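Colleague: Give the three-dimensional model of this entry:
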Amino acid sequence: MIANLPKYALWLALALLLWFAVAVFGPKFGVIDWQTGLGTMVRTIGPIFIGATALIALIALVLVLWKGPRNQWWKAAFALAIPAALMAGLVSVANQAASVPPIHDVATDTLNPPSFSAATIAKREEIGANPLNDYQAPLGQLEPWKKALADSPLAGKSHAQVIADSFPELRPIPFDIPRDQAMALVAAAMSDIGLADIRSDVQAGTIEGTAETFAFGFKDDVVARIEDGVIDLRSISRVGLSDLGYNAARLRELSDAIKARLNG
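Modeller: Residues are numbered from 1 along each chain as shown. Here you go, the predicted model:
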């Protein structure tokens with residue numbers, strides 16, 4: 001039994017790895033929905049599965065080093081390394097979530113954020129996406145932040161205040177070229193950073209695109225407004241309370257791509 005325990009522990013660890021692979025990439029390919037992948041498989045069952053696997057692997061490692069056969073130690077060690085790495089990943093994500101405000105809608109103009117087209121809004125409503133909230137309303141008055149921020153000082157702050165405090169580097173981008181050229185440039189910059197379904201509305205002076213995260217396949221809607229010599233950007237997640245800072249990071253990346261083309 002002791003001789004086989006490292007092998008069993010390794011099989012269990014590989015099953016754990018497969019479990020998380022399905023949880024993370026299953027929603028991206030439509031195998032499962034994101035609530036099942038992130039909520040059930042990762043957040044609820046994931047830590048229990050990790051803990052059980054780590055315990056069995058640790059017992060296997062101790063026993064083979066104590067009683068042998070010692071040539072099986074590497075299987076137990078590898079089986080222990082897998083849950084340890086996965087737990088480190090979960091802790092890293094938790095730390096990332098704690099380091100950014102729990103919002104999922106970010107713009108460079110917080111007084112008058114760029115608007116999405118009627119087609120995009122209709123698509124979001126059709127799939128039950130996050131609503132487009134008033135940037136000036138306190139988060140504590142909006143669903144679903146009422147419960148999440150019940151005892152937080154953020155409850156009294158609006159999207160505009162949170163963005164200004166947390167992401168002061170997100171600023172409008174001035175331009176001094178014809179608007180049609182600026183629109184073409186912004187569309188190209190969106191393509192540069194990997195946005196899909198890029199579409200322009202010349203009359204409205206807007207360009208929209210869709211971003212998809214590598215893990216879970218979360219989709220975010222992005223819009224650029226080009227008018228009065230200024231380019232403003234907005235990125236909003238379709239689902240989830242917190243975006244882990246991805247929308248702000250995306251606007252920083254898009255801003256850099258636009259500036260690079262303006263200066264190129």
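Colleague: Please tell me how far residue 102 sits from residue 77.
Modeller: Per C-beta to C-beta, to the nearest Å, residue 102 is found 38 Å from residue 77. To be clear about C-beta, it is placed using only N, CA and C from the backbone, and glycine gets the same treatment.
Colleague: So which residues of this structure form strands?
Modeller: For the chain, the strands defined by DSSP state E occupy 105-107, 173-174, 196-201, 206-212, 219-227, 230-237.
Colleague: So which other helices or strands are in contact with the second one?
Modeller: When contacts are defined as 3 or more C-beta pairs under 8 Å, 6 or more residues apart in numbering; DSSP states H and E, strand 173-174 sits against strand 230-237, helix 246-262.
Colleague: hmm, try it at 6 Å
Modeller: Using 3 or more C-beta pairs under 6 Å, 6 or more residues apart in numbering; DSSP states H and E, no helix or strand is in contact with strand 173-174.
Colleague: average pLDDT for it?
Modeller: Averaged across strand 173-174, the pLDDT comes to 98.
Colleague: Identify all contacting residues around that strand.
Modeller: 229-231, 258 (C-beta atoms under 6 Å, 6 or more residues apart in numbering).
Colleague: again, but for the third one
Modeller: Judged by C-beta under 6 Å, 6+ apart, the contacts made with strand 196-201 from elsewhere in the structure are 183, 187, 190, 207-210.
Colleague: One more pass at 7 Å, please.
Modeller: Applying C-beta atoms under 7 Å, 6 or more residues apart in numbering, the contact partners of strand 196-201 are 117, 183, 187, 190-191, 207-210, 212.
Colleague: Can you give me the pLDDT of the spatially most distant residue from the centre of the chain?
Modeller: For the chain, the largest distance from the centre (C-alpha atoms, centre = their mean) belongs to residue 67, which lies 46.4 Å off. If you check residue 67, the pLDDT there is 83.
Colleague: Can you give me the distance of it to residue 13?
Modeller: For residue 67 relative to residue 13 (C-beta to C-beta), the value is 21 Å.
Colleague: Residue 79: neighbouring residues, count only.
Modeller: Other residues lying near residue 79 total 28 when counted by other C-beta atoms under 10 Å.
Colleague: What residues does it make contact with?
Modeller: Applying C-beta under 7 Å, 6+ apart, the residues near residue 79 are 6, 9-10, 12-13, 57, 60.
Colleague: ok, now residue 246?
Modeller: residue 213.
Colleague: Equivalent analysis for residue 149, please.
Modeller: 139-140, 155.
Colleague: How about residue 137, nearest residue that isn't a chain neighbour?
Modeller: Of all residues beyond its chain neighbours, the one nearest residue 137 is residue 158 (5.9 Å), with distances taken as C-beta to C-beta, 6 or more residues apart in numbering.
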